[in-house]
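Trainee: model this:
(one chain, ligands or ions: 1)
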Amino acid sequence: MVPTPKSPSALKFDLVARCSVTKARASILRLPHGPVQLPIWMPVATQASLKGLTPEQLEQTGCRLCLNNTYHLGLKPGQAVLDAVGGAHKLQSWRHNILTDSGGFQMVSLLKLAQVTEEGVRFLSPHDGSPMLLTPEHSISLQNSIGSDIIMQLDDVIATTSPDLSRIEEATHRSVRWLDRCIAAHKTPETQNLFCIIQGGLDLGLRRQCCKAMVERDTPGIAIGGLSGGEAKDAYCKVVDTCTELLPEKKPRYVMGVGFPEDLLVSVALGADMFDCVWPTRTARFGNAITSSGTLNLRHKSYAEDFSPVDLDCNCICCRSEADGGLGVSRAYIHHVAAKETVGAHLLTMHNIHYLLSLMNEVREAILEDRYPQFLKDYFRRMHAGNREKYPVWAVDALKGVGVNLLEQ
Ligand SMILES: [Zn+2]
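Mentor: The predicted structure follows:
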């Protein structure tokens, strides 16, 4: 049974501009802790602190919406402490917006013994091995205690690469049933926005069915889930493109697990607004810098005497010269400290977050000025040093599908 639609919402979504060629949109998402400009990429702050960054430093990167993991917060400090403190904003002194996941994905990916039943996700406690159960109701209750501005439904996530179509079909329908249980359990819809998560693997028919059922539930925002799990990129693009066709114009669309620059640019062209990924911060800890000419591993010896900034065009505190109030950090310095000192990871984390946030700002500007197709062409040309043979075929094809031929200047 479908719950009564028009459930309360704690957000306002203003669509500001639409690209005249692709499906890209620019919008403002007004959340309880302030407005957020879309399209956006959101950094993941595991355990309520971004590895290597203080809340002030995260704020300085321009971030106004970050992710917290429900699974980690539920384990430590735990629901009782969260309730006592008054939620995750207070716990981590973060005055901007927070989005939390349902905790389900963490369990299924971290705990090999997790088992999904209609009731919820069964797993063994990583502390004492005792059997535990995460239900849709429990996930929402935890997220209510966390007090995040956007909360996610518990969904039944199956790897897109799974060959078991009947299991994918079961997971799709179960995710809809679990959404109904999440809606019923959600105690604070006036201050927290529940997003549904569309499942269906790579099967476009199942994705369409799931879109229809989820849209009927009328949640404040909509996520496309279960992707970025190792599927072919062209299959990924087909799913995003198919779903955005069926989603309402006036709601934010969040594609989970996306963080490579090219994937972000193509997904925006396919009509998505929000993304998250642990890769940019995780890869920083291995000495990798995201730049407009590709990802550079600064641990490589070729950078030992390279005294240029991490990225020539970057305006982050790490790359900016001391004369301009920055730290004036060079590639050689990161190379020197990358493997040994946490400061290297710390600086690169700031740079990578700043890079992706400003990339999305540039994307937004280009959409507002209706020059996104040219922006895409310029970005790919630069990224691949003008060598069109290096352009990924999936990106060329997906963009062709929305009216942009990357191979034409
Ligand atoms: Zn930088």
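Trainee: which regions of the protein sit below the pLDDT cut-off?
Mentor: Counting by pLDDT under 70, the chain contains low-confidence ranges at 1-7, 46-52, 108, 110-113, 339.
Trainee: Let me know the secondary structure of the residue of the stretch 151-300 of the chain found nearest the ion.
Mentor: Of all residues in the stretch 151-300 of the chain, residue 289 sits closest to the ion, at 7.8 Å by Cβ to the ion. Using the backbone N, CA and C atoms, a C-beta is placed for each residue, glycine as well. Three-state assignment for residue 289 (DSSP: H, G, I helix; E, B strand; the rest coil): strand.
Trainee: Is it bridged to anything, and to what?
Mentor: residue 296 (DSSP bridges).
Trainee: what's the burial count for it?
Mentor: 26 (other Cβ atoms under 10 Å).
Trainee: so how far is residue 54 from it?
Mentor: 21 Å (Cβ to Cβ, to the nearest Å).
Trainee: Just the closest residue of the stretch 51-200 of the chain to the ion, please.
Mentor: Distances between the stretch 51-200 of the chain and the ion by Cβ to the ion are smallest at residue 61, namely 9.8 Å.
Trainee: my guess is that residue meets residue 355, correct?
Mentor: No. Taking contacts as Cβ atoms under 8 Å, residue 61 lies outside contact range of residue 355: 9.4 Å.
Trainee: In terms of packing, which of these two has more residues around it?
Mentor: Per other Cβ under 10 Å, whichever of residue 61 and residue 355 has more neighbours is residue 355, with 26 against 23.
Trainee: Kindly export stretch 185-194 (C-alpha atoms) in PDB.
Mentor: The C-alpha trace of stretch 185-194 is given here as PDB (Å, rounded to 0.1, in the frame of the first residue of the first chain):
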ATOM      1  CA  ALA A 185       9.300   5.400  11.000                       C
ATOM      2  CA  HIS A 186      10.500   8.900  10.200                       C
ATOM      3  CA  LYS A 187       9.800  11.000  13.300                       C
ATOM      4  CA  THR A 188      11.000  14.500  12.100                       C
ATOM      5  CA  PRO A 189      10.000  15.100   8.500                       C
ATOM      6  CA  GLU A 190       9.700  18.800   9.200                       C
ATOM      7  CA  THR A 191      13.500  19.100  10.000                       C
ATOM      8  CA  GLN A 192      15.100  16.100   8.100                       C
ATOM      9  CA  ASN A 193      14.600  15.200   4.500                       C
ATOM     10  CA  LEU A 194      14.300  11.500   3.600                       C
END
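Trainee: sorry, back to before: now do the contacts for the residue of the stretch 51-200 of the chain closest to the ion.
Mentor: The contact partners of residue 61, by Cβ atoms under 8 Å, 6 or more residues apart in numbering, come to 53, 316, 350, 353-354, 357.
Trainee: tell me which parts of this structure are close to the ion?
Mentor: By the rule Cβ under 5 Å from the ion, the part of the chain lying against the ion is 314, 316, 318-319, 351.
Trainee: Name the nearest of those residues relative to residue 101.
Mentor: Lowest distance from residue 101 to those (Cβ to Cβ) belongs to residue 351, with 25.2 Å.
Trainee: Residue 274 and residue 213: what is the separation?
Mentor: Counting by Cβ to Cβ - residue 274 and residue 213 are separated by 21 Å.
Trainee: let me fix that: residue 401
Mentor: Distance from residue 401 to residue 213, by Cβ to Cβ: 26 Å.
Trainee: and if you look at residue 311?
Mentor: Distance, residue 311 to residue 213, using Cβ to Cβ: 44 Å.
Trainee: Which residue, other than its chain neighbours, is closest to the residue nearest in space to the middle of the chain?
Mentor: The centre of the chain sits closest to residue 276, judged by Cα atoms, centre = their mean, with a distance of 1.2 Å. Leaving aside its sequence neighbours, residue 276 sits nearest to residue 42 (Cβ to Cβ, 6 or more residues apart in numbering; 4.4 Å).
Trainee: The nearest residue to residue 384 once chain neighbours are set aside: neighbour count?
Mentor: Spatial nearest neighbour of residue 384, excluding adjacent residues (Cβ to Cβ, 6+ apart): residue 390 at 4.2 Å. For residue 390, the neighbour count with other Cβ under 10 Å is 11.
Trainee: Can you report phi and psi for residue 390?
Mentor: Per-residue torsions, residue 390: phi -90, psi -10 (degrees, to the nearest 10).
Trainee: now it: how far from residue 260?
Mentor: Distance from residue 390 to residue 260, by Cβ to Cβ: 15 Å.
Trainee: what do you get for residue 367?
Mentor: 20 Å.
Trainee: Looking at these two, which one has more neighbours?
Mentor: Counted by other Cβ under 10 Å, residue 367 and residue 260 do not tie: residue 367 has more neighbours, with 25 against 19.
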